[in-house]
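**Q** Quick one, structure for this:
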Amino acid sequence: MRTFRPALILGVTCLAQAGCASTRAAPAAQIAESEARSSVTLLPDSAIASILRERVASGTTPGVVVGVLDAGGARYISHGTGAPGSAELDRNTLFEIGSITKTFTSTILADMVGRGEVSLDDPVAKYLPAGTRVPATGDRAITLRDLATHFSGLPRLPNNLSPRDINNPYVEYTADKLYAFLAGHELARSPGSRFDYSNLGAGLLGHALALRANTDYETLVRTRVLLPLGMSDTKIALSASDRERLAAGHNAGGQVVPPWDLASLQGAGALRSSAADMLRYLAAHIAAEVDSASRRPLAAALRLTHAPQHSLGPGADMGLAWIRATTGSGARIFSHDGGTGGHRSFAAFEPSRRVAVIVLSASAAEVTDIGRHVLDSSYPLSRARVAVTLPPEVLDGLVGEYALTPQFHITITREGTQMYLQATGQPRFPLYAESENTLFLRVVDALVTFTRGADGRATTITLHQGGSSTPGQRVR
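**A** Alright, predicted model coming up:
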């Protein structure tokens, strides 16, 4: 998820010999809203299939599904499987969508605002149990709007999140632990003053809205969003047959990992869905935006989630969970990505062209570039990197701690044949060697290069990510 994804500072072959599967569904008018039908055709199936084949062949992911909504209606291109020996992925395969869940939580909020049940500027404390302390600065309380836009001042994650099982890190994070964190936390800045992406804040929002509705989060999202939009394949709790359709998740190292359970923070990233259901969701967003008079289910609430609440800089605004980018031609693209321990996702729609894309992968490796490239073929794809095996003595020359800034360090370690990178305040992630002096991450599109001294020991490091290159010196 942009979600449960790392944020470095400065984002199995197909069993059938035929390769990728491509299917077409009913026109967009029949899967959701007739207004969503487009006259624009995005990348052809063959081009998307080629991208997916390359990603699977590189070992980046065992399988991925792309759903496209354009002039051809809804179409789906898939390649690979969720696990060796399992069935090929298709439009009905279920994936964890991670932080894209936040857009559903914001839709609940917008719906409750429309019904007069809450206000965007209500303090979140108003909907928590009596006596619950929520941090504030002076008389500026954290509001529902702050939580939905990542302007609350709360950290990305609470400091009392200490999972016993790193493969399911949120399962034991109860409401009591959430309240305990809030009671002891002091804000470093005033709510509303700065964007700081917070899974904690989005989870708190979902929790508070469920309490306001006197129900649990899954019931709330099902009754307020999923049922009105006809989304029968989006859920948290899975039946036995659902579990058979859930793609096995893989971490960045390619190992199978279990699904995540988010306990009190479900509103931040707990939903599972299929490509077919997610295109239905995106089509509803497009329809709501292009027909301001629409009385279709949730149209007003969906439009409210699109409305800019804060500027994020030139050409970018923060809506309620959705990030809106404005292109040079004036087109507005709404997007959100997501990730868990074993899945990665990206969703985007462009109302002016009435097009949308969803990418769902059975791996924690990044897929945002695929989705953006499908929407706009001029957007570059990340290069599929191939890992090589190096002798331990060569890798040991890179092990150490490097300072990119006084406050931001990167530590490189080795365990057996596996290298790891850990940045200040962030989890540890696997690194893979592309050459003796270049290592890359799969969980985000980033790589690090090293300069070695005469003794073979690295003296400097450079982090390459998002078009920026940031050098650092060895300090240990």
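**Q** can I assume residue 77 is in contact with residue 66?
**A** Yes - at 4.9 Å, residue 77 and residue 66 qualify as touching, with contact defined as C-beta atoms under 8 Å. Bear in mind the C-beta positions are built from the backbone N, C-alpha and C, glycine included.
**Q** neighbour count winner among the two?
**A** Neighbours were tallied for residue 77 and for residue 66 using other C-beta atoms under 10 Å; the higher tally belongs to residue 66 (29 against 26).
**Q** Mind naming the longest helix for the chain?
**A** Counting by DSSP state H, the longest helix found in the chain is helix 275-290.
**Q** Show me what the helix or strand just after that helix is packed against.
**A** Scanning forward in sequence from helix 275-290 by DSSP states H and E, the next helix or strand is helix 299-306. Helix 299-306 sits against helix 101-114, helix 275-290, with contacts defined as 3 or more C-beta pairs under 8 Å, 6 or more residues apart in numbering; DSSP states H and E.
**Q** Next, format those helices as TSV and append mean neighbour count and mean pLDDT.
**A** Below are the helices and strands packed on helix 299-306 laid out as TSV (neighbours: other C-beta atoms under 10 Å; pLDDT from 0 to 100):
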stretch	mean neighbour count	mean pLDDT
helix 101-114	26	98
helix 275-290	26	96
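**Q** can you put those helices in JSON lines and add distance to residue 365?
**A** Output for the helices and strands packed on helix 299-306, formatted as JSON lines (distance: least, C-beta to C-beta, whole Å):
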{"stretch": "helix 101-114", "distance to residue 365": "20"}
{"stretch": "helix 275-290", "distance to residue 365": "18"}
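**Q** Could you say which one of those helices comes nearest to residue 261?
**A** Nearest to residue 261, of all the helices and strands packed on helix 299-306, is helix 101-114, at 13.0 Å by C-beta to C-beta.
**Q** Next, the angle from the closest one to helix 275-290.
**A** With axes from the mean of the first three to the mean of the last three C-alpha atoms, to 10 degrees defining the directions, helix 101-114 sits at 40 degrees from helix 275-290.
**Q** who's in contact with helix 101-114?
**A** Residues from elsewhere that reach helix 101-114 (C-beta atoms under 8 Å, 6 or more residues apart in numbering): 1, 3, 118-120, 144, 148, 202, 205-206, 209, 212-213, 220-221, 224-225, 234, 266-271, 298, 300-302, 304-305, 319-322, 336, 338, 347.
**Q** Type out the ChimeraX command that picks the buried ones from those.
**A** Buried residues among these (16 or more other C-beta atoms under 10 Å), as a ChimeraX selection:
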select :1,3,118,120,144,148,202,205,206,209,212,213,220,221,224,225,234,266,267,268,269,270,271,298,300,301,302,304,305,319,320,321,322,336,338,347
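**Q** Next step: the contacts of helix 101-114 restricted to helices.
**A** Those of the contacts of helix 101-114 lying in helices (DSSP H): 144, 148, 202, 205-206, 209, 212, 220-221, 266-269, 300-302, 304-305.
**Q** Mind jotting down where the strands sit in the stretch 51-200 of the chain?
**A** For the stretch 51-200 of the chain, strands defined by DSSP state E, counting those that start in this stretch occupy the ranges 63-70, 73-80, 95-96.
**Q** Direction included, what does the second one pair against?
**A** Same thing as strand 73-80. strand 21-24 (antiparallel), strand 63-70 (antiparallel) (DSSP bridges).
**Q** cool, the shortest one as well?
**A** Paired neighbours of strand 95-96 in the sheet (DSSP bridges): strand 272-273 (antiparallel).
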